[in-house]
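Engineer: sharing a model prediction with you, sequence too.
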Amino acid sequence: MLAQVPEGPIPGRPGKIKQFLVKNLLPWRATKIKVLNADGRPVSGAEVVVAGWGHSKTNSRGYAKLHIPHNLIFALAIRFADHKEVLYEERLNPGETYIYRADGQVTSGRNFTLIPENQA
């Protein structure tokens, strides 16, 4: 299933240049996803793929930055070490920060799993 999630933008969606500009020059507009392992520790180098929009790797504090221009529902794939999970429905808002926590027992079928950081 993970192999079918497109990593790059689909036509009409923000390309690599726009993703770069928002993530690096306009960081307050970037949507951030903090990836935590099952023990609640930040994961460095995790890959976060938003289907049809783009992908990003987490930094040393566990944060991945993406350009999400509208409040929409997306499918995501999150991968690190031996963990892989597809999140089929996640609402993402521009400029918001979300927390993803891996579940050691459930690695598929979860919906609306991301928690806004300000509510965690």
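Structural biologist: All right, it came through fine.
Engineer: now do the same contact list for the most centrally placed residue in the chain.
Structural biologist: Closest to where the C-alpha atoms of the chain average out (CA atoms, centre = their mean) is residue 48, at 4.3 Å. Contacts for residue 48 (CB atoms under 8 Å, 6 or more residues apart in numbering) come out as 33, 35, 55-58, 64, 66, 76-78, 100. Yep, even glycine has a C-beta here, placed from its N, CA and C like the rest.
Engineer: in a markdown table, list the residues you listed along with secondary structure, neighbour count and pLDDT.
Structural biologist: What follows is these, written out as a markdown table (DSSP: H, G, I helix; E, B strand; the rest coil; neighbours: other CB atoms under 10 Å; pLDDT from 0 to 100):
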| residue | secondary structure | neighbour count | pLDDT |
| --- | --- | --- | --- |
| 33 | strand | 26 | 96 |
| 35 | strand | 26 | 98 |
| 55 | strand | 20 | 86 |
| 56 | strand | 21 | 90 |
| 57 | strand | 15 | 95 |
| 58 | coil | 24 | 97 |
| 64 | strand | 25 | 95 |
| 66 | strand | 23 | 88 |
| 76 | strand | 24 | 92 |
| 77 | strand | 21 | 92 |
| 78 | strand | 24 | 95 |
| 100 | strand | 24 | 97 |
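Engineer: dump those residues to CSV, plus distance to residue 44.
Structural biologist: Listed next are the contacts of residue 48 as CSV, based on distance: CB to CB, whole Å:
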residue, distance to residue 44
33, 14
35, 9
55, 16
56, 13
57, 9
58, 6
64, 11
66, 17
76, 18
77, 18
78, 14
100, 14
